[in-house]
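In: Show me the folded form of this:
(chains A and B)
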Amino acid sequence: MTDTTLKSAVTPARIGRHRLGLIALGLVLAALFVTPVVIGDEFVYHIFITICIFAALSTAWNIVGGYAGQLSLGHAIFYGIGAYAGVILVNMGISPWIGMFAGAAVAVVAAVVVSYPCFRLHGPFFALATIAFLEVFRVLALHFRELTGGATGLMIPLKIGWEWMVFRERLPALIIAFGMLLVCLGVAWAIRSRRLGFHLIATRERESAARAAGVGTVKVRLFAVAVSAALSAMVGTFHAMYLTFIEPSSMFSLQLSIQIAMFALIGGIGTVWGPLLGAVLLVPITEFARGALGAEAIGLHGFVYGVVLMLVVLFMPNGIMGVLARFASGRKEAAGDEPDTHIAAVARTDVAPQIGDPVLRVEGLQKHFGGLHVTNDVSFTLREGEILGLIGPNGAGKTTVFNMLSGFLKPDQGSVTLLGPDGEWHEPGNPGDFAALGLGRTFQIVQPFAAMTVEENIMVGAFHRYHAVSDAREAARETAHRMGLGRYLQDEANSLTVGGLKRLEVARVMAMKPRVLLLDEVMAGINRTDVKRAVDLMLSIRETGVSIIAIEHVMQAVMALSDRVVVLSSGEIIAQGDPQEVVRDPHVIEAYLGKEFADA
Amino acid sequence: MQTFLQIIANGLMLGGLFAIIAVGLTLIFGIVKVVNFAHGEFLMVGMYLTYLLTTGIGVHPYATAAAVVPILFVFGAVTQRLLIQPLMHARDEHIQIFATVGLSTALMNLALLIFGADIANTPNHGLRSQIHLGPVRILEGQLWIFLAAILLVTGLQLFLARTNTGRAIRATAQNRAAARLMGINDRFIYVLTFGIGAACVGFGSALIAPLYPTSPTIGTYFVLIAFVIVVLGGLGSIPGAFFGALIIGLVDALSGFYIGSDLREAVVFGIFLVILILKPSGLFGTRVSQSHVSP
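Out: Below is the predicted model of the structure:
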């Protein structure tokens, strides 16, 4: 999942390699066009046109299957829709150049209708649902004979010329196929290198963390599916014109869907150029087997495909691009231009912090999980610039309260209202609305976007405020330096230590510039020095006017930080108020340590 | 009325056939948590083995089960050990899907290379003769398949519920880490389960081969139906797979007659999609507990 085109390079060596990669890809693309023209052989033309078509389809698939991580094995639906729309309209005397867009429009509608309910499904279930939809489309195409010609298929009328996309010679067909490939690559590259691409990959990696960062996870995936379907349909229209004959079993074909996905996987799933490389390497095998060996070798190319696919998943699951990336980045040289790396020490003023008016009101929250009453009439208020400690023994229901405060759970009763930047009170219904009103949260179990670098992780938060990649990058870097993550910017998020991941979690939410911050055990499991740093960090965050609710077990930190403490036990608030007083409350001692201790 | 009863009978018989294929799939799906897209090709391999053995040495097709079942068991076990096991920890579950899709593609095309696209008819030894069962007529072979399906489902269910190995398999499915702590060799359990799942379909193929012509693509049709059944019955539920298969068999037969034989599949897959989207745990499955600690 390494995408060399994205990592804005820091060191000159990196830029050099980056440029080298682009030149190599440019050469591959040029060769795709020039080789057949130079050789001039019909069969060679045919192979290269087919490469372009499959590379384009696979690149379009990759927007959904790779970036969004929704493994569709039904992409032939859109290809088939494009093909049928094109041929049916041509038979009515309408040019495929128009039919192409008609097909794309139908495909977009089909894609949204098919995908929306399926996004609830994960992994294999999504794949199975797409296969089922594909089967339904195939059966329907066979059934409605008047429209599709049924099993006998449809021929295109022999009208030749650019207007009809049908030619006697092969060069114009190559030009169109190559052009379509460039369009698909261009769209894929544009998506990947913009905010949408970050949002898609964040959604793929950790859906809840993406939602907490204000990403409209359903919206971005629907958009990706729609774009991918439109591109596939347009390629389908052209391919139908090129084949001159279409039938349901070859258009709405599971084998075709699998092949499209397979090229992407072999080349490098989720990368911009992987699908192209996969198609360049594998399509010639099919076509040679078909053209040169003929009937004797029926099944040979499929056998090779299957074996290659198994070998790739076993030995190079990141595909060719993964291997190339490993060779290219002979492993990073320590970026030594980072003197700071520690949390910028904030000049601590001893002036008592300004605590203002309420910004968050929690009223009468109730929540049941089956027979378990996890939240019982929880009410409290958070004021501007306040740090509110939420403590309680394990299983008290603290995280459940957080999930209701950030829209991940709906309370059975009660309300959470938040003061918006407009000065009005709002009652948001989902994580996206909470994020839009300036509420950010971290997760107790850290949720890094594993396939992204530290910088890209923080950028996902920063995209909440900025649209342009450069602004988000700038903001992310600034936040990273403030959090002491400056020297890890280009590292994979997964390579951080536990303390580092906790800081990354905070950095990502800080990059959103929230007005209300929910921190869920950001100090658990980190060492003493890190605790001290984290305390300083939280104080410095508060000084910028952010209101914080922190779930915390590290008592030393709770006492040092909190202006006020709410103690939760078995879903109920048993005490709240000044930290020093609360810890002496016998109910609190009992809840934590048992009755004997309270009496002692 | 006569026709209706005949359709019901056909549907039930078809359901029995589907059940015998789906049971192995649901076992693998439920325990190893891998969607075996190559399950249909396991069936295809089994049917070709039956075909070769019956035509080669002239035995009764049912007798070939003695060879086909162990061969498929080994085949399944080896698949798990060499292909799935190394991918059990893959970060991306798509990888496992691609692995079995690759196996499926390779096997199907290998059969195409060896046997060609022509169909292979296994000698039926009178199994295609009709018998009268009250007002309806069915093929003798269909009846045997139906009875065998009941036997297989009951046997597997007893094996999982009553034997120590069965308990170990269920424990591993429910919580792999805890099962390991109890001294269960989880890798062995997975290899064994995959083997049993493949052996089930091997058993089925010896029964199915005399009734259906064998071809390289025979598995594709059956495996899609089997997926529908597995989801309908609830993942990993063996009785669920049986009753799901009967339901799908009836739906197939009824819609084939009343809606049109070319739309049968659309109806079956339509039901599948509705179940998948509205009740992904299946008709007979229990709801998987959702962790509320971290959304």
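
In: Mind checking the pLDDT average for the helix ranked longest in chain B?
Out: Scanning chain B for the helix with the most residues, using DSSP state H, yields helix B:2-31. For helix B:2-31, mean pLDDT rounds to 92.

In: Report all helices and strands that that helix contacts.
Out: Packing partners of helix B:2-31 (3 or more C-beta pairs under 8 Å, 6 or more residues apart in numbering or on different chains; DSSP states H and E): helix B:39-57, strand B:136-139, helix B:140-162, helix B:164-174, helix B:186-208, helix B:218-233, helix B:238-258. Just so you know, the C-beta spots here come from the backbone N, C-alpha and C atoms, and that holds for glycine as well.

In: can we see that at 10 Å?
Out: Other helices and strands packing on helix B:2-31, by 3 or more C-beta pairs under 10 Å, 6 or more residues apart in numbering or on different chains; DSSP states H and E, are helix B:39-57, helix B:65-79, strand B:136-139, helix B:140-162, helix B:164-174, helix B:186-208, helix B:218-233, helix B:238-258.

In: What about residue 100, how many residues nearby?
Out: Chain wasn't specified; assuming chain A. Neighbour count of A:Met100, defined by other C-beta atoms under 10 Å in any protein chain shown: 24.

In: my bad, chain B
Out: Neighbourhood size, B:Thr100 [other C-beta under 10 Å]: 25.

In: Show me which parts of whichever strand or helix holds it are buried, residue by residue.
Out: With secondary structure defined by DSSP states H and E, B:Thr100 is part of helix B:94-115. By neighbour count on 16 or more other C-beta atoms under 10 Å in any protein chain shown, the buried set for helix B:94-115 is B:94-113, B:115.

In: what's the helix or strand for the closest residue to B:Thr105 other than its chain neighbours?
Out: Leaving aside its sequence neighbours, B:Thr105 sits nearest to A:Gly306 (C-beta to C-beta, 6 or more residues apart in numbering or on different chains; 3.5 Å). Following DSSP H and E, one finds A:Gly306 within helix A:300-315.

In: list the helices and strands that helix packs on?
Out: With contacts taken as 3+ C-beta pairs under 10 Å, 6+ apart, helix A:300-315 sits against helix A:254-268, helix A:274-288, helix A:319-328, helix B:94-115.

In: just how off-centre is the shortest one within its chain?
Out: Translated: helix A:319-328. For helix A:319-328, the gap between its own C-alpha mean and the chain's C-alpha mean amounts to 21 Å (C-alpha atoms, centre = their mean, to the nearest Å).

In: For that helix, name the packing helices and strands.
Out: Using 3+ C-beta pairs under 10 Å, 6+ apart, helix A:319-328 is in contact with helix A:12-39, helix A:254-268, helix A:274-288, helix A:300-315.

In: tell me the most buried of the ones you listed?
Out: Per residue and on average, the most neighbours among these fall to helix A:254-268, with a mean of 26 (mean count of other C-beta atoms under 10 Å in any protein chain shown).

In: by how many degrees do it and helix A:300-315 diverge?
Out: 40 degrees (axes from the mean of the first three to the mean of the last three C-alpha atoms, to 10 degrees).

In: averaging pLDDT over each of the helices and strands packed on helix A:319-328, which comes out lowest?
Out: Here the lowest mean pLDDT among the helices and strands packed on helix A:319-328 goes to helix A:12-39, at a mean of 83.

In: Of the helices and strands packed on helix B:2-31, which is nearest chain A?
Out: Of all the helices and strands packed on helix B:2-31, it is helix B:218-233 that lies closest to chain A, at 5.5 Å by C-beta to the nearest C-beta.

In: what's the pLDDT at A:Val10?
Out: 46.

In: and if you look at B:Ala177?
Out: Per-residue confidence (pLDDT) for B:Ala177: 85.

In: hang on, isn't A:Ile49 packed against A:Ile176?
Out: Yes. The pair A:Ile49 and A:Ile176 passes the contact test of C-beta atoms under 10 Å, sitting 8.7 Å apart.

In: Comparing those two, which residue is more hemmed in?
Out: Set A:Ile49 next to A:Ile176 and count neighbours by other C-beta under 10 Å: A:Ile49 wins out with 25 against 20.

In: By average pLDDT, which secondary structure element in chain A comes out worst?
Out: When the helices and strands of chain A are compared on mean pLDDT, DSSP states H and E, helix A:595-599 comes out lowest with a mean of 64.

In: follow-up on the earlier one: between the longest helix of chain B and helix B:164-174, how big is the angle?
Out: Here the directions of helix B:2-31 and helix B:164-174 differ by 80 degrees (the same axes, to 10 degrees).

In: Which helix or strand contains A:Ile589?
Out: Following DSSP H and E, one finds A:Ile589 within helix A:586-593.

In: Go through that helix and flag the buried ones.
Out: Result for helix A:586-593 [16+ other C-beta under 10 Å]: buried residues A:Val588, A:Ile589, A:Glu590, A:Ala591, A:Tyr592.

In: Format those residues as CSV; extra columns: distance to B:Ala199 and pLDDT.
Out: Converted to CSV, the buried residues of helix A:586-593 look like this (distance: C-beta to C-beta, whole Å; pLDDT from 0 to 100):
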residue, distance to B:Ala199, pLDDT
A:Val588, 60, 83
A:Ile589, 61, 83
A:Glu590, 59, 82
A:Ala591, 55, 80
A:Tyr592, 55, 78
